[in-house]
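J.: fold the following.
(one chain, ligands or ions: 2)
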Amino acid sequence: MINPQLNFISGKGGVGKSTVAATMALRFAEQGKRTLLVEIESNEFMRQSFNFAEPIGYREVQLRPHLYGINLHAFDAMKEYLHIRLKVRRLYEPFLNMKVVRQLLSAAPGLKELLILGKIWHLAERRKDPETGGPLYPFIVVDAPATGHGLLFLKTPQVTVDAVQVGPIHREAKKVLQILRNPERTQLHLVTLAEEMPVNETLEMIAQVQKGFPVALGRLFVNALFPRLDHRWAPSRLMGLRGSENPCLEATLNAAEDMYYYERRQQTHLEQFRQAIYPLECAELPFLFRESIREPELQILAEKL
Ligand SMILES: Nc1ncnc2c1ncn2[C@@H]1O[C@H](COP(=O)(O)OP(=O)(O)OP(=O)(O)O)[C@@H](O)[C@H]1O
Ligand SMILES: [Mg+2]
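T.: Ligands and ions are numbered 1, 2, ... in the order given. Below is the predicted model:
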């Protein structure tokens, strides 16, 4: 599969979007491709995962060889926009610190999203060498907002182009839209868990994306799958071991039984998902039985991509 330059990762809340985004970015970087991982108004997933000393902000930092990270805030994007595009300099600082402007940023529908997408556009367009070079970041992975919000986020440029017919905002939105609409440059990858609600929501999203959505559908990831257990784990088989005086053995058998049922349920949902998306395919990522997900765990997941 050819990887586009811009990769948005979305899905329902808590399904592993940030994990998959970091995994994908790490994978590109390990292949020697200069990659930028983008977080949006984040809760520091990237900083913790890569054990980075400082908070990651609006300027790119190098996380690993070939891997860079940035954390985008709409407020910084607004400052930069006024500064670079509208050439507002000394004037903008007091203006931006006004409470009312901060409120406008959160109240004006779509403005925040447009500013952030505008910054992503800018990062995608940056050249290694202004004269001759290819893109500074041939691969960009965006840890996008959760679905619902995630889809609205990517729809903003189209809505803006339709609503605002002329002027700088129209031009900005149109520019972003051009990149989003090009499937060779941009794709949306979705993450789900093999559970009823996330699967149903993901199927709805796939339907929406396939029906006139500005961004092409990329890969589908089913995350956190338990290892396949064979019939030796079936509770009926474990019965023979029960009834001992050993509380540890009983606890272990209970845990094994829970795991067996949970894994069965996951397989049912995975199978339903596979059938519903056919002929599309999904990539499966294992559940990692670790205390937390940090770089070594991301490495394990990256090998599965
Ligand atoms: N394959 C996995 N195995 C084990 N734990 C995982 C796996 N994937 C994600 N997790 C854990 O699940 C939790 C949620 O993952 P993550 O933060 O990536 O989800 P998210 O979709 O980005 O969440 P949010 O919607 O809050 O941004 C985290 O604690 C993460 O470490
Ligand atoms: Mg996240």
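J.: and for the longest strand that the chain contains, what are the contacting residues?
T.: The longest strand of the chain (DSSP state E) is strand 216-225. By Cβ atoms under 8 Å, 6 or more residues apart in numbering, the surrounding residues in contact with strand 216-225 are 1, 4, 7, 11, 15-16, 19-20, 183, 186-194, 202, 206, 209-210, 266, 270, 273, 277, 280-287. Any C-beta I mention is one placed from the backbone N, CA and C, and that applies to glycine too.
J.: who's in contact with the helix or strand that comes right after it?
T.: Toward the C-terminal end, the helix or strand that comes next after strand 216-225 (DSSP states H and E) is helix 235-238. By Cβ under 8 Å, 6+ apart, the surrounding residues in contact with helix 235-238 are His231, Leu253, Ala256, Glu257, Tyr260, Tyr261.
J.: the fifth one against Trp233, yeah?
T.: Think Tyr260. Yes - proximity of Tyr260 to Trp233 meets the contact threshold set by Cβ atoms under 8 Å, at 4.8 Å.
J.: excluding residues flanking it in the chain, which one is nearest the residue of the chain at minimum distance from ligand 2?
T.: Residue of the chain nearest ligand 2, by Cβ to the ion: Ser18 (3.3 Å). Leaving out its chain neighbours, the residue that sits closest to Ser18 by Cβ to Cβ, 6 or more residues apart in numbering is Phe45, at 4.1 Å.
J.: okay, that neighbour: pLDDT?
T.: Among the per-residue scores, Phe45 holds a pLDDT of 91.
J.: ok, it - contacts?
T.: Counted by Cβ under 8 Å, 6+ apart, Phe45 has contacts Ser18, Ala22, Glu39, Asp143.
J.: ok, now how distant is Arg34 from Val209?
T.: From Arg34 across to Val209, the span is 28 Å (Cβ to Cβ, to the nearest Å).
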